[in-house]
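Participant: Let's see this in three dimensions:
(chains A and B)
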There are 2 protein chains.
Amino acid sequence: MDRDIVVVSNRGPVSFVRERDGSFTPKRGAGGLVSSLAPLIEGTGTEWIAAAVSDDDRAAAARGMVDAAGFRLLTLPLDVDDYRMAYDVVSNATLWFLHHGLYDLPRRPRFDRHWREAWEGYRRVNEAFADAVVDTAPRDAVVLVQDYHLALVGAHLRDRRPDLRAVHFTHTPFCGPNSIRVLPEYAAEELLTGMAAYDACGFHSTRWARAFTACCNEVLGRAPRTYVSPIAPDADDLRRVAESDAAAAAGRDLDARVGDRRMILRVDRIELSKNLLRGFLAFDDLLREHPEWRERVVFFAFVYPSRVDLAEYQSYRQEVEGLVGRINAEWGTARWTPILLDTDDDFPRSVAALARYDVLLVNPVKDGLNLVAKEGPLLNRNDGVLLLSREAGAWEELHDVAVGLNPFDVSATADQLHDALSMDQDERHRHAAALRSKAGARAPRDWLDDQLRAATAETPG
Amino acid sequence: MDRDIVVVSNRGPVSFVRERDGSFTPKRGAGGLVSSLAPLIEGTGTEWIAAAVSDDDRAAAARGMVDAAGFRLLTLPLDVDDYRMAYDVVSNATLWFLHHGLYDLPRRPRFDRHWREAWEGYRRVNEAFADAVVDTAPRDAVVLVQDYHLALVGAHLRDRRPDLRAVHFTHTPFCGPNSIRVLPEYAAEELLTGMAAYDACGFHSTRWARAFTACCNEVLGRAPRTYVSPIAPDADDLRRVAESDAAAAAGRDLDARVGDRRMILRVDRIELSKNLLRGFLAFDDLLREHPEWRERVVFFAFVYPSRVDLAEYQSYRQEVEGLVGRINAEWGTARWTPILLDTDDDFPRSVAALARYDVLLVNPVKDGLNLVAKEGPLLNRNDGVLLLSREAGAWEELHDVAVGLNPFDVSATADQLHDALSMDQDERHRHAAALRSKAGARAPRDWLDDQLRAATAETPG
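Facilitator: Now for the predicted structure:
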C-alpha cells in the first residue's frame, strides 16, 4: 500500500482537555470505530479529520493540524448552530431513526421549515469537512469517510481533488426503499447522490448493502459500487483490559453478587434500537413461565446513557427503569434482586462481566453490526451462550453458531433464555468454541484492508 | 362467465336487526368493498359468506343460508373468543399495523403467549370460513376471498374442493420483507403459505403486489401469481346520493358556513394511517407562513371514529382533537374558525362536501388504495384540486394528474396547499377535468372482471 490514508469522521480518536497553563492534553475517545481503527494507524502519522465537539476541542482547533497521540489531527471548529443541526437534528434524530426503523410513523418524523434549515446545516458541515480534505490530503491519498454524519463529503472531492480515492463506510443499518421515501425528496436525492459520488460505499452486512443499492436504484436510477466489511474488535486490546487490575476487581465483585446463580448479561447503550424493554419483558416471562429459575438466575444489565439531550432517549430511559422496578417488585425476594440495572459506563467491569456470563442477550430491533456480539464470545471463559437478534448485522457472520432470536417475540425469547440456561455442559462447550472461532475470524486489520481495497479497486466489486 | 361466484369476507353486504316479532330485517352495510361490489351482484343470488358480527347477526346465523337483499347469505356464528382474537388482536392490531407501517418498533409489537393464542384463533376462524366454503360452494365456483382477515382460507380448499378456483384480494398495502420479519416466524410462514395456496393474489397497486412477492420469495423461496386491480367507486350510486334531498340540505348548510371563503376538505376515518395530525400541522403552517389565507379559507375535516375499542385509536383521537383545538385557538377570530372538525359519520354530507371543495387533502402515511381520492374528483363541481399522498395505492392511477405529496413533509404540504389555493381558474379546470377522467377510468365491474379473470387464468399473469 503506497497511498497515504486520511480518516474523516465526526468524532476523532482523541478529544482535547485544556490545562490551566493553556496547553491541551489529548484524551483517547471511545466508540467502535476508534477502538478498532486507532490502534492500527496510531504512530503512523496518519491524517485524521474530525469535528471539534467540546469547547476545549474548539479552542484546540484554532491550532490547525497538530500531532497528537500518534496522528496528524485536524479538528474542525464548525459553526456551532450548523453542527447542532447537522448532528442532533439530521444525523441523530433523523438518519439514525430512519436507518434503524425507530419512527412512530403516524406521529414522527414531521419535516418542517426548521428541518429544512437543519438540512442546510448538514450540507454545510459536510462541505466544511470536504474543504478540509481538499486543503490537507496528501496527493493520491485514500480518504476513508465514516458514517451517516458525513454522507455528502465525497460529492465535493471528485472535481476538486481527482487524485484522491474516497470510500464511505456506514456503521448503521441502511433503510430500504419504502423508508427512504419518508425523507423529503430533496434530502433523499441529495443524500444518495452524495453517497453515489464515492468510489465505493461499505456496510457491515450484505443486507444493508442491498438495501442501499435498492434505494439508489429507486431514487437515482443507478447505484455505486458497494462492499461488505464487518468490523471486528481488537482482541489484543480486550485481553489487556481483561487482565487489568480494574477488571479483576470488578470480576471479584461480580462473582460475589452472582454467587451460585446463573448470570444473564446485556451490555448496551440506553438506545431505542437496543430493545431493552422487550429484553426485560422476556426475562419477566421466563420467571413467570419457568418458576424453577426464580432465585437461581440474575440478569445483569450494564446499560449506559446516550444522547441524553434528546427527549426520546429521556423517556425511553424512564420506561426502562420503570419496567425494571416493576419486574423486581413482582419477583424479587429478600435475598434476590432479579435484574441488576447499572447505568455507569465502566468498560473494565463490562469486560469482566463478558468473561463470566452464562447467557449473553443481544436483541436489538436493528443494529448495524453490534460489536458486543463478537466481544462477548471472545472474552467469555464460562462456555456462555449467545442469543443474537437476526436484525443485527453481526447475524450474517454468526448465524450458524449463535442462537437467533426475533427481537419482537417476547415469549419466544423467554423460551430461548430457558433453553440456553438449560443447555448441558457439552453443548455449551461446543457452542462457545464455535462462537469464539467465528467471532475471532476477522481482526481490525481486515476491516482496514477492505477499505483500502475498495478504494483502489478498478472494477465494480 | 359460466362459473358461479362465492364471495367470502369478514363483513357481509348486510347485517341483521332482530325485530320485536323475532324476525330479522337485513340492513345494508358500509365500506368500500360492499359499496363497490354489492350493487353488481345483488339480485343474482350470488353466495356471500361473512362473519356474524353483532348479537343479532349471531342469532340470525342460526338460520343457516338465507336469501337476503338479493344474495344467498351465509352468516357464520364463530366462537366469540376466537373471533375477537382473530379480528382485534391479529387482524386489526397486528396485520393492519404491519401492512401500514404504523408500529412504534422500539415498543410495539410485543408478541407474547396471548398473541400465540390469538394466532390460533385466527387460524380457527379461517378454517371455519373454509369449512363453510367447502360445504356450500356450488360446483366449479369461483371463490373471491377478501382481505387480510382471511388470508388462510385458500389453504384449506385445494385438497377438499379441487373443483373450485379461489383468489384472494388484499385491500390494504402489503408490507415488505424487512417488515414481515417482525412477525413471529410461525405466523409469517403460515400467512404467506396460506396466501400462496390461492390461484392468485390481488392488490390495488403494483407496489403492494411486488412487496408481497418479495416477502414470499424471502420467506418461502417461491411466490404465487399476483394481479393488480384497483377498485373503483360506483359512480352511479355516488350520483344518486349527490342528488338526494339529504345531500342537497347538507350542501346548503355547507355553503352557508363556507361563505365566500375557500374550502379545504378531508374525509377519512379517524385512523392512524390517515395522517390527520400532519394534515392539520400543514394547515397550521400555511396560516403562519402565508398570512393572506387567514380568514379566507376553512378546513372541513369530516372524520368519523373507527376501532374505538383499541387504545391506540382512542389516544390518537385525543391527539387530533387537542391539536385542532390548539390551532383554532391560535388563529381563530370572532368570525372565523379555521378548522371545522366533525366526527359524525354522515355520507350524504360527505358527498355534498366532495362536490364543493377547492382543495381535497388525501395525505395518508400509507393506504391500500384510498377511495376518497377517486370519489372526490368524480363528485366535485368546483374544479377542485387533489393533493394526494404518494403512499396511497391510488397514486399509481392518478400520479400524472394529482398533485403528489410526501405525507411526512409538513412544510412542503403547506406550500402545496398554498399553491393549490392560488392556482388560476384555467389550470384548475384542466387539472379537474384530467382528474375526473382518470378517476372514472375504471368501474366496479372492471374490478370484478379482474377477479374472475385472475381466478380462471391458466397461465401465470
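
Participant: where do the strands sit along the stretch 301-450 of chain A?
Facilitator: Using DSSP state E, counting those that start in this stretch, the strands of the stretch 301-450 of chain A run over A:339-342, A:359-362, A:385-389, A:403-405.

Participant: does any part of the shortest one sit near chain B?
Facilitator: Which is strand A:403-405. No - with Cβ under 8 Å from any Cβ of the partner chain as the criterion, chain B is not reached by strand A:403-405; the gap is at least 9.7 Å. Bear in mind the C-beta positions are built from the backbone N, C-alpha and C, glycine included.

Participant: which strands and helices sit next to that strand?
Facilitator: For strand A:403-405, the contact count by 3 or more Cβ pairs under 8 Å, 6 or more residues apart in numbering or on different chains; DSSP states H and E identifies strand A:385-389, helix A:410-422 as packing neighbours.

Participant: Next, the contact list for residue A:59, please.
Facilitator: With Cβ atoms under 8 Å, 6 or more residues apart in numbering or on different chains as the criterion, the residues that contact residue A:59 are A:16, A:18, A:24.

Participant: Let me know the secondary structure of the first one.
Facilitator: Following DSSP: H, G, I helix; E, B strand; the rest coil, the label given to residue A:16 is strand.

Participant: now swap in the one 10 residues further on and tell me
Facilitator: With three-state DSSP as the basis, residue A:26 sits in strand.

Participant: Please name the bridge partners of it.
Facilitator: Taking DSSP bridges as the rule, residue A:26 bridges to residue A:16.

Participant: Just to check, it is in contact with residue A:16?
Facilitator: Yes - if you go by Cβ atoms under 8 Å, residue A:26 and residue A:16 touch, sitting 5.9 Å apart.

Participant: Chain B versus residue A:144, what's the distance?
Facilitator: Residue A:144 sits at a distance of 28 Å from chain B (criterion: Cβ to the nearest Cβ, to the nearest Å).

Participant: in what helix or strand does that residue lie?
Facilitator: Using DSSP states H and E, residue A:144 falls within strand A:142-146.

Participant: next one: residue A:455
Facilitator: Here residue A:455 is assigned to helix A:444-456, by DSSP H and E.

Participant: coming back round to it: same list (the helices and strands packed on strand A:403-405) but as JSON lines, adding mean neighbour count, distance to residue A:257 and mean pLDDT.
Facilitator: Listed next are the helices and strands packed on strand A:403-405 as JSON lines, based on neighbours: other Cβ atoms under 10 Å in any protein chain shown; distance: least, Cβ to Cβ, whole Å; pLDDT from 0 to 100:
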{"stretch": "strand A:385-389", "mean neighbour count": "26", "distance to residue A:257": "20", "mean pLDDT": "98"}
{"stretch": "helix A:410-422", "mean neighbour count": "21", "distance to residue A:257": "18", "mean pLDDT": "98"}
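
Participant: Identify whichever of those lies nearest to chain B.
Facilitator: For the helices and strands packed on strand A:403-405, proximity to chain B was assessed by Cβ to the nearest Cβ; helix A:410-422 is nearest, at 4.8 Å.

Participant: so what secondary structure elements neighbour the closest one?
Facilitator: Helix A:410-422 sits against strand A:262-269, helix A:276-289, strand A:359-362, strand A:385-389, strand A:403-405, helix B:113-136, with contacts defined as 3+ Cβ pairs under 8 Å, 6+ apart.

Participant: Give me the sheet partners of the fifth one and which way each runs.
Facilitator: Pointing back at strand A:403-405 there. Taking DSSP bridges as the criterion, strand A:403-405 forms sheet pairs with strand A:385-389 (parallel).

Participant: And the contacts of the partner strand?
Facilitator: Here strand A:385-389 makes contact (Cβ under 8 Å, 6+ apart) with A:275, A:358-365, A:367, A:370, A:373, A:376-377, A:394-395, A:398, A:401-407, A:413, A:416-417, A:420, A:423, A:428, A:431-432, A:435.

Participant: coming back round to it: what's the closest of the helices and strands packed on helix A:410-422 to residue A:79?
Facilitator: When those are compared for distance to residue A:79 using Cβ to Cβ, the nearest one is strand A:262-269, at 27.8 Å.
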